[in-house]
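Q: After the sequence you'll find the predicted model.
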Amino acid sequence: MPVRFGARRASTNGRWSLVRREIALLAIGLLCALAVQLAPGSIAVRPVRADTPAAPKAVFIVGPTGDLTDMDLTDAERMAKQAEAAGMDVHRVFYPHATWENVLANIQDANLVVYMGHGYGWPSPYTKNLTETRQDGMGLNSYDGSGKSDYTYYGATRLREYVHLAPNAIVYLNHLCYAAGNGEPGMTIPKVDLAQQRVDNMASGWLSIGARAVFAFGWWQKLNYPAALMNTDESMDDLFMTRATGAYAGSPAGYTDWNEARFDSERTPGATSHLDPHKKYGYYRSVTGDLAMTAADFRSTATGQPGGGEQGSSDPPEITSLSANGSNDGPGVQAGETVSFHPNGDGIDDELVITHTVSRSANLDATVADSSGAIVRKYSIWSANGTTTSTWNGKNNSGSIVPDGRYTLTYVPRDDSGATGDPVSVDALVLTAIKLGKPSAPALFARDNDGLAKSVKVSITVTRQAQVSFKIVDEAGTVVRTVRPMSSSGPAKLSFAWDGKEEDESWAPDGWYESVVTATTDLGTYSQARTFFAGAFRIASSINSPQRGGSLKLTINSTELLSGAPVVHVAQPGVAPWTATAKRVDGKKYKVTINLDNRGDAGTLVLDVTGVDKSGGHQDSTLSLQLR
């Protein structure tokens with residue numbers, strides 16, 4: 001979800017206090033996950049008179065981090081008291097009651113979020129791919145009362161699904177691994193490009209749910225951030241570049257001004273990251289977001305006091321168009337038909353995509369109601385001016401998939417001043433009667449009658465009473481095999497292994513096929529499909545329409561294990577045929593470069609790939625391209 005950012009330059013200033021315990025932290029080089037504990041699971045609310053401005057909501061979250069938990073408890077309480085002294089409404093969600101449920105009960109519409117706990121970021125040595133269901137979020141108690149070494153990660157995806165912060169919110173991450181750029185204790189200090197990736201990824205989830213700036217520090221900072229937010233007009237970059245003095249001068253407890261790096265965020269368009277590494281300790285300090293945002297901007301939203309932020313229009317924002325994109329969108333959809341989606345976890349149409357057009361940038365407050373009118377889910381997203389999209393994953397407020405049925409999604413546009421436009425609604429059907437498994441293999445080749453790759457198995461889970469059919473369909477949409485005609489089924493697990501034959505037992509031509517399963521209940525009908533290949537080789541060309549005298553690269557995936565590299569027989573119009581032998585990359589994957597003759601004619605270039613499998617069977621597939 002887009003976040004708005006400005007472009008204002010910053011200066012340095014700030015107020016500092018010295019705390020002797022930080023010397024101990026300096027001695028042990030602490031950079032990673034600490035945690036906090038106070039009155040466990042308690043919520044402290046600062047009373048506010050009815051005739052005074054609302055107090056900013058500050059939520060302090062502390063997850064379990066083993067032996068470091070108690071040390072970090074002190075830091076969290078100290079900052080929470082600073083926030084209370086500055087006039088904030090403080091909510092504490094602390095170990096051992098810092099569960100996901102308790103966090104969700106407190107964090108919504110927060111103006112300031114402070115999190116201390118494990119930081120599971122990316123890139124990291126634990127996963128090759130960014131996995132935001134667990135990464136770049138928070139490590140919390142697995143259950144209420146769980147121990148200091150028992151935690152569960154809730155990543156950026158979970159933040160986006162369930163959390164909405166107030167406009168101009170600030171997030172303060174302290175003592176997390178990866179958040180400010182470094183890895184974990186004992187790891188080599190990263191190069192700046194790796195540090196940038198980690199900072200950008202860690203901040204992205206928070207920025208997408210309403211935060212306007214995300215601070216990340218390995219050490220406790222000397223600046224009293226709650227007081228600075230409530231009493232100064234400094235920008236976020238001003239606050240970040242406040243130096244530590246005295247015994248802490250030049251330490252990661254404040255601005256070091258050594259080899260600092262600024263870069264535009266790749267994850268959050270419009271955001272900027274500022275990294276302030278330390279010569280000895282590495283990347284312990286960063287801030288990402290709208291660095292020109294001021295403390296006055298923070299207060300203008302949090303308390304209603306005048307601020308320096310962007311002024312909105314006198315007219316409330318409006319939604320001029322709202323539509324849903326479900327699995328049955330397309331030429332077959334009739335006017336007025338309700339779209340459907342299928343959040344059953346099989347990765348096919350699991351989310352409903354909602355497209356909205358707004359008259360100007362605004363928050364969109366969404367509610368999802370079932371057919372009885374009961375609200376099952378509430379969430380908010382930020383929409384830039386114009387047309388944007390959002391998603392609903394079919395889950396309710398507690399994170400469970402809702403029952404099958406018709407649901408109404410209502411969006412209300414709201415600007416930073418609280419002015420709201422007219423609500424606009426769209427309907428959608430949740431249908432989950434069938435869940436289609438992945439094919440047992442990406443391809444089959446049965447025509448050589450050996451025991452290799454002789455079939456592809458597809459499994460189906462029927463979750464409720466339904467009429468169910470199962471067919472094999474070619475690329476033209478023609479049914480080549482009816483596995484199961486439409487017939488009744490109760491909850492069951494069904495499977496079928498296709499051997500590459502059509503209804504009359506003849507071999508289906510080489511090509512791509514879909515296993516299409518259709519279910520009909522009293523709520524509606526929907527289909528799901530998985531794709532696989534029938535043939536000896538899947539051949540992909542780097543150029544769809546090559547030219548004479550040029551070259552093209554072929555990637556060849558063999559369906560069966562080969563006894564040797566496949567050979568490509570090249571038939572170029574007007575030129576004598578020739579061959580080229582592919583080179584094995586790994587497993588069943590091969591590559592080869594074909595250098596075309598500059599003579600001959602335009603026309604059809606035929607590339608015939610042949611090989612011999614481990615059982616001695618002949619393999620043959622052809623790719624035809626238009627030659628210029």
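A: Alright, I've got the coordinates. Numbers count the residues shown, from 1 in each chain.

Q: for residue 501, what are its contacts?
A: Residues counted as contacts of residue 501 (C-beta atoms under 8 Å, 6 or more residues apart in numbering) are 446, 481, 507-508. For glycine as for every other residue, the C-beta is placed from the backbone atoms N, C-alpha and C.

Q: wait, residue 189 sits on residue 284?
A: No. Counting by C-beta atoms under 8 Å, residue 189 stays clear of residue 284, with 10.2 Å between them.

Q: Same drill for these two, tell me which one is more crowded.
A: Between residue 189 and residue 284, residue 284 has the larger neighbour count (other C-beta atoms under 10 Å), namely 26 against 17.

Q: Would you agree that one is in contact with residue 182?
A: Yes. The pair residue 284 / residue 182 is scored as a contact, 6.5 Å apart, by C-beta under 8 Å.

Q: can you pull the buried residues of the helix or strand hosting residue 554?
A: Secondary structure assignment for residue 554, by DSSP states H and E: strand 551-558. Neighbour-count burial for strand 551-558 flags 552, 554, 556-558 (criterion: 16 or more other C-beta atoms under 10 Å).

Q: now the residues you listed as CSV including pLDDT?
A: CSV is the format used below for the buried residues of strand 551-558 (pLDDT from 0 to 100):
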residue, pLDDT
552, 94
554, 96
556, 96
557, 96
558, 96
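
Q: ok, these vs residue 118, which is closest?
A: Relative to residue 118, the closest of these is residue 557; by C-beta to C-beta it sits at 40.2 Å.

Q: follow-up on the earlier one: could you name every residue contacting both of residue 189 and residue 284?
A: Counting by C-beta under 8 Å, 6+ apart, the residues touching both residue 189 and residue 284 are 182, 277.

Q: where along the chain do the helices fall?
A: Listed in chain order, the helices of the chain (DSSP state H) span 21-28, 69-85, 100-107, 156-162, 192-208, 225-231, 236-240, 295-302.

Q: what's the closest of those to residue 529?
A: Residue 529 sits nearest to helix 156-162 of all the helices of the chain, at 25.5 Å, using C-beta to C-beta.

Q: could you give the mean pLDDT of the closest one?
A: The predicted model gives helix 156-162 an average pLDDT of 90.

Q: can you pull the buried residues of it?
A: 156-162.

Q: count of neighbours near residue 490?
A: 10.

Q: Now do the same for it: its pLDDT.
A: In this model, residue 490 carries a pLDDT of 96.

Q: try residue 363
A: At residue 363, the model reports a pLDDT of 81.

Q: Check whether it really touches residue 390, as I assumed.
A: No. Contact criterion C-beta under 8 Å: residue 363 and residue 390 do not qualify, at 11.4 Å.

Q: quick one on the thing from earlier: now tabulate the buried residues of strand 551-558 in CSV and tack on distance to residue 540.
A: Shown next, in CSV, are those (distance: C-beta to C-beta, whole Å):
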residue, distance to residue 540
552, 10
554, 7
556, 8
557, 8
558, 13
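
Q: so of the contacts of residue 501, which ones are in strands?
A: Among the contacts of residue 501, the members falling in strands (DSSP state E) are residue 481.

Q: dump the residue contacts of residue 449.
A: By C-beta under 8 Å, 6+ apart, the residues touching residue 449 are residue 617.

Q: now it: how far from residue 589?
A: Residue 449 sits 25 Å away from residue 589 when distances are taken as C-beta to C-beta, to the nearest Å.

Q: same question, residue 419
A: 58 Å.

Q: Also residue 108?
A: Using C-beta to C-beta, residue 108 is found at 48 Å from residue 589.

Q: of these two, who's got more company?
A: Neighbour tally, residue 108 and residue 589, criterion other C-beta under 10 Å: the higher count belongs to residue 108, 18 against 13.

Q: Was I right to think the more buried one contacts residue 163?
A: Yes. Using C-beta under 8 Å, residue 108 is in contact with residue 163, at 6.8 Å.

Q: Run through the strands of the stretch 251-400 of the chain in chain order.
A: Taking DSSP state E, counting those that start in this stretch, the strands of the stretch 251-400 of the chain run over residues 261-264, 272-275, 285-289, 319-325, 339-341, 352-358, 362-369, 375-383, 386-392.

Q: Report the inter-axis angle for the fourth one versus strand 375-383.
A: Interaxial angle of strand 319-325 relative to strand 375-383 (axes from the mean of the first three to the mean of the last three C-alpha atoms, to 10 degrees): 120 degrees.

Q: any weak-confidence spans in the stretch 201-350 of the chain?
A: The stretch 201-350 of the chain contains residues with pLDDT under 70 at 303-314, 326-337.

Q: typo on my end, the chain
A: Residue ranges of the chain with pLDDT under 70: 1-53, 303-314, 326-337, 416.
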